[in-house]
Each structure stands twice: as structure tokens, then as C-alpha cells.
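# quick one, structure for this:
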Amino acid sequence: MGGSPTWTQHGGKFMGSYGSKHIALSYAAYLSVEFHVWMLKVVEERMEEEKSPELAYSRGRERAVRGWEKEGKDKKWIDARLKGIEKRNEHTHTLKEHGVKEPQEFAQCTDATYKPILGGSAKLVKARRGIPAKLNLRDNLSEVENAAIYFSEILADEKIIKESRHGVDLCAEACELASKNVAQAVKNMK
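Numbering: from 1, shown residues only. Model prediction:
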């Protein structure tokens, strides 16, 4: 990699040939003029977004909404999902502030939330519902399921902060307790 615009990774999970962004742009021009123009537009937009994080947020949100609309999601579901994303960001921030650091630790807290509401870990729920592993589970949940998770994360954050819980085990326990309460409330409404 050291300064060369191209390199090859032999063996391992990521084996293949790689090139710098400059090589990618040149290759796009070689493939087609239309593709090259599109790629330059994307690069220009990202450069604008580097200067204006609010613009990046707005454009990202617009892209997400367009994608969900293509999937047939209605406005009510989309609005709820957007609120859920904002809450999820707040929740992961709270977890970070309280000692949850590693990806598997965040997954442990997430699964502690999912099990009472959805009946299993993210991996298990995806398998049961036939959702490919790479897709976002929350994009494939009902409005009620997303709302239950949203409310559970609010309650978990409150408990974590109020009780000064630190570390993955105590935070995951707070997530599970909050989720059990929300799952019970949803069950009682049916």
C-alpha cells in the first residue's frame, strides 16, 4: 500500500486487487462517460458535505426516505423509523459514555433489547424472518416493533444514567429490564 496507487492483497478475507480513489475515477471514465459524470457528481456532493455536516445529514435523510418509499413504506412508518434512528444514535452515545466500547458489547445491549420485544437476538430474528444478514433489521420491522424498541431505548438510557450504570453487563441488564417492561405493555394492549 505504501504510496502505490494500486495494490494486491494475496490470501485472507479481503484478497483481491485494489486501487486508490484516483484510479477508481480514471477507471470510471474508461467504463463510460455517464458513469464518470455520475461518480464526479457524487464526489463533489461528498466534498460539499464535508464542509457542511447539516447538508450531509439532510441529503442522507433524503436518500433514506427515497429508498424506503421505493420499498413501499408509508409516511407514518418512515417518520417513526427516522425518529428511531435518532434515538438509536442517542442510545449508543449513552452506552459509550457508560463504558460500552466494543462492537460486540453494543450488540450485547441491542440483543438484550430485542429478545423480550422480538423474541430473540438480531441474528435469530433475521433468520426466522428470512431477512438477509447484511440488511438492517429495523428497516424490516413493523411500526409497532420499531416504536417498542424506541421506547425501550429511552427507558434504558434513563435507567443507565439515573443509576450511574457502567460497563456492558450493567448496561445490557438495563436494556433488558426496559425491554421487558415495554414488551409487557405491548402485550397488554393486544
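
# quick one: the helices in this structure?
21-31, 33-51, 53-70, 75-97, 103-118, 122-129, 143-162, 168-189 (DSSP state H).

# and those, which one's lowest on average pLDDT?
The stretch with the lowest mean pLDDT among the helices of the chain is helix 21-31, at a mean of 79.

# from the chain's centroid, how far away is that one?
Centroid separation for helix 21-31 versus its chain: 29 Å, with Cα atoms, centre = their mean, to the nearest Å.

# over to stretch 148-167?
In terms of Cα atoms, centre = their mean, the centre of stretch 148-167 is found 19 Å from the chain centre.

# and what of stretch 15-26?
Counting by Cα atoms, centre = their mean, stretch 15-26 comes out at 27 Å from the chain centroid.

# ok so, going back, Serialize the helices of the chain to a markdown table and add fields for mean neighbour count.
From N, CA and C alone the C-beta is placed, and that goes for glycine too. Putting these into a markdown table (neighbours: other Cβ atoms under 10 Å) gives the following:
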| stretch | mean neighbour count |
| --- | --- |
| helix 21-31 | 13 |
| helix 33-51 | 12 |
| helix 53-70 | 12 |
| helix 75-97 | 15 |
| helix 103-118 | 20 |
| helix 122-129 | 15 |
| helix 143-162 | 19 |
| helix 168-189 | 18 |
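
# would JSON lines of those helices with distance to Q9 be doable?
Below are these laid out as JSON lines (distance: least, Cβ to Cβ, whole Å):
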{"stretch": "helix 21-31", "distance to Q9": "15"}
{"stretch": "helix 33-51", "distance to Q9": "23"}
{"stretch": "helix 53-70", "distance to Q9": "30"}
{"stretch": "helix 75-97", "distance to Q9": "31"}
{"stretch": "helix 103-118", "distance to Q9": "22"}
{"stretch": "helix 122-129", "distance to Q9": "28"}
{"stretch": "helix 143-162", "distance to Q9": "38"}
{"stretch": "helix 168-189", "distance to Q9": "33"}
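
# out of those helices, flag the one nearest L137.
Nearest to L137, of all the helices of the chain, is helix 122-129, at 5.2 Å by Cβ to Cβ.

# got the CA positions of that closest one in PDB?
C-alpha atoms of helix 122-129 as PDB (Å, rounded to 0.1, in the frame of the first residue of the first chain):
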ATOM      1  CA  ALA A 122     -30.900  -9.800  15.900                       C
ATOM      2  CA  LYS A 123     -29.300 -12.700  14.200                       C
ATOM      3  CA  LEU A 124     -32.000 -15.100  15.300                       C
ATOM      4  CA  VAL A 125     -34.900 -12.800  14.300                       C
ATOM      5  CA  LYS A 126     -33.300 -12.200  10.900                       C
ATOM      6  CA  ALA A 127     -33.000 -16.000  10.400                       C
ATOM      7  CA  ARG A 128     -36.600 -16.600  11.500                       C
ATOM      8  CA  ARG A 129     -38.000 -13.900   9.200                       C
END
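
# show residues contacting it.
107, 110-111, 114, 118-120, 131-133, 135, 137, 140 (Cβ atoms under 8 Å, 6 or more residues apart in numbering).
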